[in-house]
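*Asks:* The following block contains a protein sequence and its predicted model.
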Amino acid sequence: MSSSIFDLLNRFNGRSRDVVASEFLFRKGDPVEHLFLVLGGEIRLVRFLENGDEIVLQRAGENSVLAEASLFSQYYHCDAICHLDAQIKMIRKHDIETHLASNTQMALSLAQHLAREVQATRQRAEVLRLRTVAERLDAWIAWHDGELPEKGNWRIIALEIGVSPEALYREIALRR
């Protein structure tokens, strides 16, 4: 089981396509017909709150699987929006389901991948339960090997830790 779930899924036949920034790949409520591999660029899974705020559920970059839990859903529960021009591979959901039913190795690899995703989601939930911007940033930095995010990524980090970009900029400025 040394191959990643991305590598295993990338062996499937699929259709490649380019997606441009701001394009929706799918919307909440759309039927799940494909699994998406992100070959390059970045696609985000997001939910929009009633007040218009955006919650980022996943940032899928190069060599990652997008919305893999959707394999077990009939409809998408969020939107997928291209953040950076991306290249994707679309694999039919039915093809993967058929293969999983007869391939224990693949099913175990997917289960391990999903377990790691659950662990990461729990870690993000722990960060979000913290009260102050400083505490959330400290937790994010600890989670990411003690590295302060690069300046070009601060807005993304603000979305991940549930604070306004301005509040995060102020906190980082205090630390410099």
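*Replies:* In hand now; what should we look at? Residues are numbered from 1 along each chain as shown.
*Asks:* in the helix or strand Glu117 falls within, what's buried?
*Replies:* Following DSSP states H and E, one finds Glu117 within helix 104-129. By 16 or more other Cβ atoms under 10 Å, the buried positions in helix 104-129 come out as Met106, Ser109, Leu110, His113, Leu114, Arg124, Val127. Every residue, glycine included, has its C-beta placed from N, CA and C.
*Asks:* pLDDT below threshold where in the chain?
*Replies:* 1-2 (pLDDT under 70).
*Asks:* Try it again at 80.
*Replies:* Residues of the chain meeting the criterion pLDDT under 80: 1-3, 149-150.
*Asks:* Which residue is the nearest non-sequential neighbour of the residue nearest the centre of the chain?
*Replies:* Among the residues of the chain, the one closest to the centroid is Gln58, at 2.3 Å (Cα atoms, centre = their mean). In space, and not counting its chain neighbours, Gln58 is closest to Leu45: 4.1 Å by Cβ to Cβ, 6 or more residues apart in numbering.
*Asks:* tell me the contacts of Arg175?
*Replies:* Leu148 (Cβ atoms under 8 Å, 6 or more residues apart in numbering).
*Asks:* Quick check: it vs Tyr169, distance?
*Replies:* 11 Å (Cβ to Cβ, to the nearest Å).
*Asks:* Nearest to Glu62, out of the buried residues of helix 104-129: which one, please.
*Replies:* Among these, His113 lies closest to Glu62 (Cβ to Cβ), at 16.5 Å.
*Asks:* how about that closest one, what does it touch?
*Replies:* Counted by Cβ under 8 Å, 6+ apart, His113 has contacts Ser4, Ile5, Val65, Glu68.
*Asks:* contacts for the helix or strand hosting the residue nearest to the centre of the chain?
*Replies:* Element membership of Gln58, judged by DSSP H and E, is strand 54-60. Strand 54-60 has contacts (Cβ under 8 Å, 6+ apart) with 36, 38, 42-49, 66-67, 78, 83, 156, 159-160, 162.
*Asks:* Fine, thanks again, bye for now.
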